[in-house]
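> Sequence plus predicted model, see below.
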Amino acid sequence: MPTETPQGAPPAWLSAAVPPPGPLRPADDRTTAAAALAAIRGGATLAYRGDYRNARQLLAAMGRRLEAPRPAGRGRAPRPAAPQLLAAFQAERRQRREAHRLLSRLAVPLVDGPLGVGPQAAGPRVDLHHPPEVAEAVLEALGPAPVLPGLLPLRELLGMIGAHEWRVKGVEVRALGARLHPRYGVFAPVRGEHVELLAEAARRWPPAGKRALDVGTGSGVLAFVLARAGARVTATDLNRAALESTREDAARLRLAGAIEPVEADLFAEGRFDLVVCNPPWLPAEAVTSLERAVYDPGGAFLARLLAGLPAHLAPGGEAWLILSDLAERLGLRRPGELEGLLAANGLRVLEALAARPSHPRTLDQADPLHAARTAEVTSLYRLAVI
């Protein structure tokens, strides 16, 4: 049964991703999606009381109201020109920002205490009727001692639950023949093109015995491919959850002795025989912290990476840059801009490998960006200093 928060003790705001709320307003099983969105647009954050299943239904109904209209009928959307693709991308990003802003203001209460049912004896729980067990997911995301009672955006809680399921089940990586178990806040390697390209590169140009650097390791998947091929790998990231995920999965894969996770902004100290990076592909703003694995505002990450490569390559060393051309197809990066950046930083392309997309979004013919997604090419550029 839901409990009452004592008067004079407002619940803590548990989200680090969404700013603390202004005025709190109640919502319950009678609240409609239209009323909820109107209240949130007016500046309120809704604190839900009632049934957890109804809270989820309300969130879903709010989301449907915010979705961009899909083309009428079924089948392939008209093939747009390049300016139309850019406009469609920008509209999609505006819609996503607005949805994130509004949907993150429906919050549910979390409390600490005995659950009374199920295998968990105690821990954070959703203080609503018919709640799921969330203790493990919440503790993985918020740390071992969250301040309770508190309010957490329902959308964020669902992300924690989904991340916990990924962590338990694992993400199959075909090129490794193994599953990885990323922590909450770490981008899961659900697309395989970049990993397959690196595995092919390691077969063509074996890195065995080389000192390698994986810049922005994330889940550690590229570091694992290199280590399996015999390299000694330093894996850098600023996200401590990513470094912990890499450390844990390296142990599971019996590669701990070949991989050193290091907290660093881009490069670790020293020079390397091989530097590998799969940078964020799209020079645009990220809506959430997880999207930083895909979106690179202003192309700053890519520019800093290429500028720093010559100083971190050992004599005769090389870099493997894995990058999609989706940015060019959407009009976010000018044709020839990448080649200009390489030349400006004293780098040349020795060879390149390419792969076409295989992810599910290429099958959605009603997607306004379908033409760009199906034509996308991901390349691994083998670079050397001029």
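Alright, I've got the coordinates.

> Touching, Ala355 and Thr378? I think so.
Yes: the pair Ala355 / Thr378 is scored as a contact, 5.0 Å apart, by CB atoms under 8 Å. For every residue, glycine as well, the C-beta is placed using N, CA and C.

> tell me, what's touching these two both at once?
Common neighbours of Ala355 and Thr378, counting by CB atoms under 8 Å, 6 or more residues apart in numbering, are 193, 197.

> quick one: low-confidence parts of the stretch 1-150 of the chain?
Applying pLDDT under 70 to the stretch 1-150 of the chain flags the ranges 1-9, 70-82, 114-121.

> let's go with 50 and repeat that
Low-confidence regions of the stretch 1-150 of the chain, defined by pLDDT under 50, span residues 1-7, 115-120.

> Can you show me the strands along it?
Under the criterion DSSP state E, counting those that start in this stretch, the stretch 1-150 of the chain contains strands at 12-13, 24-27, 45-48, 106-114, 122-126, 150-153.

> Ala258 is nearest to which of the ones you listed?
Among the strands of the stretch 1-150 of the chain, the nearest to Ala258 by CB to CB is strand 122-126 (36.3 Å).

> so what strands line up beside that closest one?
Note on strand 122-126: by DSSP bridges, its sheet partners are strand 106-114 (antiparallel).

> chain center to the strand it pairs with, what's the gap?
26 Å (CA atoms, centre = their mean, to the nearest Å).

> can you pull the buried residues of it?
106-110, 112 (16 or more other CB atoms under 10 Å).

> rewinding a little: output the strands of the stretch 1-150 of the chain in a markdown table, with distance to Thr217 appended to each entry.
Below are the strands of the stretch 1-150 of the chain laid out as a markdown table (distance: least, CB to CB, whole Å):
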| stretch | distance to Thr217 |
| --- | --- |
| strand 12-13 | 31 |
| strand 24-27 | 40 |
| strand 45-48 | 36 |
| strand 106-114 | 32 |
| strand 122-126 | 30 |
| strand 150-153 | 28 |
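
> For Gly170, which of the ones you listed is the nearest?
Gly170 lies closest, by CB to CB, to one member of the strands of the stretch 1-150 of the chain: strand 122-126, at 23.1 Å.

> coming back round to it: out of the buried residues of strand 106-114, flag the one nearest to Pro10.
Nearest to Pro10 among those, counting by CB to CB, is Pro109 at 11.3 Å.

> bridging residues for that closest one?
Where Pro109 sits in a bridge, its partners, by DSSP bridges, are Leu151.

> wait, it sits on Val126?
Yes: counting by CB under 8 Å, Val126 is a contact partner of Pro109 at 7.2 Å.

> who's in contact with stretch 197-216?
If you take CB under 8 Å, 6+ apart as the criterion, stretch 197-216 is touched by 175, 220, 222-223, 225-226, 228-237, 266-268, 272-279, 301, 305, 312, 314, 320, 322, 353-355, 378-380, 382.

> List the buried residues in the longest strand anywhere in the chain.
Taking DSSP state E as the criterion, the chain has its longest strand at strand 313-324. By 16+ other CB under 10 Å, the buried positions in strand 313-324 come out as 313, 317-324.

> And Arg30, how far from Ala61?
Taking CB to CB, to the nearest Å as the measure, Arg30 falls 13 Å from Ala61.

> Show me which of those two is the more surrounded one.
A direct count of neighbours by other CB atoms under 10 Å for Arg30 and Ala61 places Ala61 higher, at 15 against 8.

> Name all residues that make contact with the more buried one.
Contacts of Ala61 (CB under 8 Å, 6+ apart): 32-33.

> wait, doesn't Ala250 sit right on Glu260?
No: using CB under 8 Å as the test, Ala250 is too far from Glu260 to be in contact (9.3 Å).

> For the protein, which segments count as helices?
Along the chain, the segments classed as helices by DSSP state H run 33-41, 52-66, 82-103, 135-142, 154-169, 193-204, 221-228, 240-252, 300-312, 326-330, 337-344, 370-375.

> what is the mean pLDDT for the fifth one?
What it means is helix 154-169. Per-residue pLDDT over helix 154-169 has a mean of 95.

> Which neighbouring elements make contact with that helix?
With contacts taken as 3 or more CB pairs under 8 Å, 6 or more residues apart in numbering; DSSP states H and E, helix 154-169 sits against helix 52-66, strand 106-114, helix 135-142.

> how about the ones you listed, which one is nearest Pro21?
Short answer: strand 106-114, nearest of the helices and strands packed on helix 154-169 by CB to CB, at 7.4 Å.

> ok, now how distant is Arg191 from Val171?
The spacing between Arg191 and Val171, counted by CB to CB, is 11 Å.

> just to revisit the earlier point, more neighbours: Ala250 and Glu260, which one.
Shown here are Ala250 and Glu260; by other CB under 10 Å, Ala250 has more neighbours (22 against 17).

> which residues does that one contact?
When contacts are counted by CB under 8 Å, 6+ apart, Ala250 touches 220, 223-224, 227, 256, 258-259, 261.

> Is it possible to get TSV of these that adds distance to Glu140 and neighbour count?
Converted to TSV, the contacts of Ala250 look like this (distance: CB to CB, whole Å; neighbours: other CB atoms under 10 Å):
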residue	distance to Glu140	neighbour count
Gly220	17	30
Ala223	22	28
Phe224	21	30
Ala227	25	24
Ala256	21	16
Ala258	26	19
Ile259	22	25
Pro261	18	24
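
> which one among these gets closest to Glu339?
The closest of those, once distances to Glu339 are taken by CB to CB, is Ala223, at 27.8 Å.

> Would you mind confirming that that closest one makes contact with Thr236?
No: counting by CB under 8 Å, Ala223 does not reach Thr236; the two are 9.6 Å apart.
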